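1. sequence and predicted structure below; questions after.
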Amino acid sequence: MDESKRRAVKFLEKEIKTYKALSLFLSKKGVKEHLSAGDKKVLISPSFYKERVKEAKKLVYELRK
């Protein structure tokens, strides 16, 4: 794997950790009542970040080939 792919994988692995943390935090009971996101309700949905994790994992897999 060349250097640019290695950097991309490292970045995506950090993103995966961030998305997992956000998903876990936003799935806590009572968090949604304290957040006001206006029209951006999708960004406070745990499933939004779970989907981003799946996409990032796919990219990591493809880059490591």
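-> Alright, I've got the coordinates.
2. now do the buried residues in stretch 5-23.
-> Val9, Leu12, Glu15, Ile16, Tyr19, Leu22, Ser23 (16 or more other C-beta atoms under 10 Å). C-beta: built from backbone N, CA, C; applies to glycine.
3. mind listing the strands for the protein?
-> Read by DSSP state E, the chain holds no strands at all.
4. which residue would you name as the spatial centre of it?
-> Centroid-nearest residue in the chain, with C-alpha atoms, centre = their mean: Tyr19, separated by 2.7 Å.
5. do I have it right that that one meets Val53?
-> Yes. Applying C-beta atoms under 8 Å as the test, Tyr19 and Val53 come out as touching, 4.7 Å apart.
6. what residues does Met1 make contact with?
-> The contact partners of Met1, taken as C-beta atoms under 8 Å, 6 or more residues apart in numbering, are Val9, Leu63, Arg64.
7. what about the last one, distance to Lys57?
-> Spelled out, it's Arg64. The spacing between Arg64 and Lys57, counted by C-beta to C-beta, to the nearest Å, is 11 Å.
8. next step: the contacts of Met1 restricted to helices.
-> Filtering the contacts of Met1 for membership in helices, criterion DSSP state H, returns Val9, Leu63, Arg64.
9. give the contact list for the second one.
-> For Leu63, the residues meeting the contact criterion (C-beta under 8 Å, 6+ apart) are Met1, Lys5, Ala8, Val9, Leu12.
10. pLDDT-wise, which helix or strand of the protein ranks last?
-> helix 31-34 (a mean of 57; mean pLDDT, DSSP states H and E).
11. turn the contacts of Leu63 into JSON lines, including pLDDT and distance to Lys28.
-> Below are those laid out as JSON lines (pLDDT from 0 to 100; distance: C-beta to C-beta, whole Å):
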{"residue": "Met1", "pLDDT": "70", "distance to Lys28": "37"}
{"residue": "Lys5", "pLDDT": "87", "distance to Lys28": "36"}
{"residue": "Ala8", "pLDDT": "89", "distance to Lys28": "31"}
{"residue": "Val9", "pLDDT": "90", "distance to Lys28": "30"}
{"residue": "Leu12", "pLDDT": "90", "distance to Lys28": "25"}
